[in-house]
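K.L.:
Okay, sequence plus prediction incoming.
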Amino acid sequence: MLAAHLVEVLHSGLIIVDAHGVVRLLNPYGAELLGVTAEHVLDRPYEELAQYLFWHMRDYLRDSAVPKALSAEADNGDREFVIQNGRHIRFSFGTMRERDTLVAIVITFVDVTELRNAEQKAEDTAREAEMAFALALPNSKVEMKLKSSPEYQDLYDPVTGQATVTAIIPDGTYWHVVNGLRIMAELKEIGVFQLVGLDKDTMVQAFIFHDIGKDQPRLALRQSFVPAETFEPGPLHAARSADWAAKDYHLSADVQWIIRYHHTPESDLPNDFPKALKPMWRLLRLIDGLSAGITRRQAKIAPITRDGTILTIREDNDDLRYRRAYTISIYTGEEHSLP
């Protein structure tokens, strides 16, 4: 009774085929995944069930586990393919034997459609972002400079104040910019750039060039270092980036202001910093920090939400210093922590 009940409630598909290739069991959840009525395939040759799974007999002969198990070509294995109802199904099979004689073939399977669709969407998004980035670059020199600047993943010890390199991203600054543009695309979707004082083109140019002047040290895997003593202070490379943006690429004064002071606290901004640029300056700093988390700390950023000019940010991070949830006002810079 217990075994029968377990088969009924099992949240994965289960097929049992006997040594003669006849389907002896198909549980309810499995029948639902495959889009078949169990009564139509039970106690019938497996080929009758296979016609719901495979698009052609040659696919069945090539990919199905059952013929291989019946002919002793394989005792176990995994398969994943799209069945005729459009689902991505991952199958695993094994054989039951008594004294080397085949008794049954046991096949379990799960629906991985949502996972594969999410992976495809992520790949498409990454491809689109990279293509958009490539189109936005003024020339190959900018791309080459960004790709020549590494970023590092590290483990920080608050007791010693030292960090240890755990991974090296050779073209890390390039991917930092790509990740930032992805965040910018998300902000566009929720209407941020419809607000007064926020110009998308200015923001895109500023973010592409904001680290163009960065000069990163060359660190080795597992090397320990003191961050404040190892990396150049942010305002220095910010100023250099702004100078290059002005001299070599003739970017607007607005872009130059935002780049030059993107590592400067708001309280330390010069008196002549244009007040009208502060919303974009705040937004770039926000995007810069979130993208750094994604690139260097593999952070997971929940979808950003907007209520008027207030953004809600939730960053999940293995580094507890950066794991937080908060709101920020684009126009005032006021922040409030969330539980």
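P.N.:
Sure, I can see it.

K.L.:
Show me the helices in the stretch 201-339 of the chain, by range?
P.N.:
Assigned by DSSP state H, counting those that start in this stretch, the stretch 201-339 of the chain shows helices spanning 227-230, 234-247, 253-260, 278-297.

K.L.:
and Leu146, which of those is closest to it?
P.N.:
helix 234-247 (11.0 Å; Cβ to Cβ). The C-beta positions use only the backbone N, C-alpha and C, and glycine is treated the same way.

K.L.:
thinking again about what came up before, format the helices of the stretch 201-339 of the chain as a markdown table; extra columns: distance to Arg324.
P.N.:
Formatted as a markdown table, the helices of the stretch 201-339 of the chain follow (distance: least, Cβ to Cβ, whole Å):
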| stretch | distance to Arg324 |
| --- | --- |
| helix 227-230 | 19 |
| helix 234-247 | 20 |
| helix 253-260 | 24 |
| helix 278-297 | 10 |
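
K.L.:
Toward the C-terminus, what is the element adjacent to the lowest-mean-pLDDT helix or strand in the chain?
P.N.:
Across the helices and strands of the chain, mean confidence by mean pLDDT, DSSP states H and E is lowest for helix 2-9: a mean of 52. Using DSSP states H and E, the next helix or strand after helix 2-9 towards the C-terminus is strand 13-18.

K.L.:
Count the residues that sit near the closest residue to Leu53 other than its chain neighbours.
P.N.:
Nearest non-adjacent residue to Leu53, counting by Cβ to Cβ, 6 or more residues apart in numbering: Ile83, 4.7 Å away. Neighbour count of Ile83, defined by other Cβ atoms under 10 Å: 19.

K.L.:
again, but for Ala74
P.N.:
13.

K.L.:
And for Thr166?
P.N.:
11.

K.L.:
if I look at the residue of the chain most remote from its centre, how far off is Val22?
P.N.:
The outermost residue of the chain relative to its centre, with distances by Cα atoms, centre = their mean, is Arg99 at 48.5 Å. Distance of Arg99 to Val22, computed by Cβ to Cβ, to the nearest Å: 21 Å.

K.L.:
Pro150 now?
P.N.:
60 Å.

K.L.:
Report the contact partners of Ala163.
P.N.:
When contacts are counted by Cβ atoms under 8 Å, 6 or more residues apart in numbering, Ala163 is found next to 154-157, 224-227.

K.L.:
are any of those buried, and which?
P.N.:
Among the contacts of Ala163, those classed as buried by 16 or more other Cβ atoms under 10 Å are 154, 156, 225.
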